[in-house]
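**Q** All I have is the shape, not the residue letters:
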């Protein structure tokens with residue numbers, strides 16, 4: 001093992017108690033998307049070291065941290081997201097959420113703690129003179145990933161200015177600790193919010209023939225979409241359409257004027273996404289005709305699919321191979337979850353990897369559930385892998401300069 005890797009591993013090992021403490025502090029004090037003010041302040045203070053240049057993100061949410069460099073050149077960025085979800089925690093642990101109805105149920109506390117300690121480890125490696133070549137890096141601690149607004153906001157604030165590539169990780173509950181998932185190409189799905197309004201004519205529940213019932217039309221619409229979208233999509237093309245909210249009416253015996261539906265559309269291919277949206281609108285037009293209602297279908301711009309760059313994945317493979325006790329497995333198919341890390345990849349190449357966090361006790365603690373938790377033994381592994389990837393990518397940048 002090269003001397004710089006030995007030095008890096010010692011730095012990470014020595015800082016592991018602080019790494020775990022930071023993750024637990026963030027977990028106990030979660031803040032939802034767009035409100036990460038105290039989280040950002042905590043991370044800012046954690047990274048407030050001589051030789052690091054820090055600035056807060058838009059509206060005080062998020063942190064950008066750069067190392068000071070004397071020679072010109074582009075930086076290698078790495079991202080950790082920091083927002084929590086509106087979920088009430090069910091875990092009985094000392095670091096459980098202290099905020100009613102808010103919880104780090106997607107591992108962003110781990111992502112943020114790992115990214116912050118990657119920055120600290122790289123800074124210490126440079127300070128002790130053990131960096132193998134000039135390092136140019138930027139840590140992006142990003143708010144509002146869950147609402148898919150944070151990446152674009154940080155990019156607008158200059159997060160990618162002077163950056164040549166970017167890396168990130170996401171914890172993976174079913175994957176064993178000590179295992180990493182890698183793939184080239186599609187890593188996650190594109191994600192679009194779907195809003196539908198069905199307008200009819202209200203009336204008395206006892207005389208539905210005098211109304212144009214939007215609830216009946218909405219029920220028929222959801223049933224038809226769920227039935228026909230899979231039947232009009234090539235079975236080799238992944239498409240997921242789900243509705244999570246239907247709202248209409250206030251009284252049991254009154255047919256309302258309108259019904260609202262909110263859902264999500266997930267695809268892996270831009271052309272398939274466009275075709276699916278048009279099929280949804282065709283089905284809606286058919287339901288309009290048979291129910292005499294008016295149906296408006298709106299699909300937002302959404303976030304694209306994370307597309308891992310082949311060269312960036314090769315760097316991650318090399319980084320993983322150099323960490324004792326960690327193995328890499330190929331991810332056989334992409335997740336249909338969304339990830340606004342994709343927005344960075346619209347501008348610069350990069351890659352995300354999956355970090356196994358299963359504790360080996362036979363229990364799976366899924367993302368976005370009240371019982372989600374992280375095996376903290378995975379935290380220093382994430383730091384070692386991500387820090388190595390940044391250093392190896394800086395070698396390529398230095399060679400190109």
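**A** Yes, it's here. All of these numbers come straight from a predicted model, not from anything done at the bench.
**Q** element containing the residue nearest to residue 19 when sequence neighbours are not counted?
**A** Nearest residue to residue 19, sequence neighbours excluded (CB to CB, 6 or more residues apart in numbering): residue 117, at 4.8 Å. Heads up, the C-betas are built off the backbone N, CA and C, glycines and all. Here residue 117, judged by DSSP states H and E, is contained in helix 108-127.
**Q** Let me see the mean pLDDT of that helix.
**A** For helix 108-127, mean pLDDT rounds to 98.
**Q** Any buried residues in it, and which?
**A** For helix 108-127, the neighbour count (16 or more other CB atoms under 10 Å) marks 108-126 as buried.
**Q** what about the helix or strand that comes right after that helix, distance to the chain center?
**A** Counting by DSSP H and E, the next helix or strand C-terminal to helix 108-127 is strand 137-142. In terms of CA atoms, centre = their mean, to the nearest Å, the centre of strand 137-142 is set 15 Å apart from its chain centre.
**Q** Given strand 137-142, what are its sheet partners and their directions?
**A** strand 63-67 (antiparallel), strand 75-81 (parallel) (DSSP bridges).
**Q** Please name the residues that touch the residue nearest to residue 19.
**A** Neighbouring residues of residue 117 by CB atoms under 8 Å, 6 or more residues apart in numbering: 12, 15, 18, 19, 22, 379, 383.
**Q** Show me which of those residues is closest to residue 73.
**A** When the contacts of residue 117 are compared for distance to residue 73 (CB to CB), residue 383 comes out closest, at 23.9 Å.
**Q** tell me the secondary structure for the closest one?
**A** Taken by DSSP: H, G, I helix; E, B strand; the rest coil, the conformation at residue 383 corresponds to helix.
**Q** Next one: it from residue 293, what distance?
**A** Counting by CB to CB, to the nearest Å, the gap from residue 383 to residue 293 is 55 Å.
**Q** Just the buried residues from the contacts of residue 117, in ChimeraX please.
**A** Command for ChimeraX that selects the buried part of the contacts of residue 117, burial taken from 16+ other CB under 10 Å:
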select :12,15,19,22,379,383
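**Q** Could you identify the most distant pair in the contacts of residue 117?
**A** Those two in the contacts of residue 117 that are separated most widely, counting by CB to CB, are 12 and 22, at 13.2 Å.
**Q** what's the domain layout of the protein?
**A** 3-188+307-400, 192-299 (automatic domain parsing).
**Q** Looking at the ones you listed, which one is packed in the most?
**A** domain 3-188+307-400 (a mean of 20; mean count of other CB atoms under 10 Å).
**Q** gap between that one and the chain center?
**A** Domain 3-188+307-400 sits 11 Å away from the centroid of its parent chain (CA atoms, centre = their mean).
**Q** rewinding a little: now the contacts of residue 117 in JSON lines, please, with extra columns for secondary structure.
**A** Converted to JSON lines, those look like this (three-state DSSP):
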{"residue": "12", "secondary structure": "helix"}
{"residue": "15", "secondary structure": "helix"}
{"residue": "18", "secondary structure": "helix"}
{"residue": "19", "secondary structure": "helix"}
{"residue": "22", "secondary structure": "helix"}
{"residue": "379", "secondary structure": "helix"}
{"residue": "383", "secondary structure": "helix"}
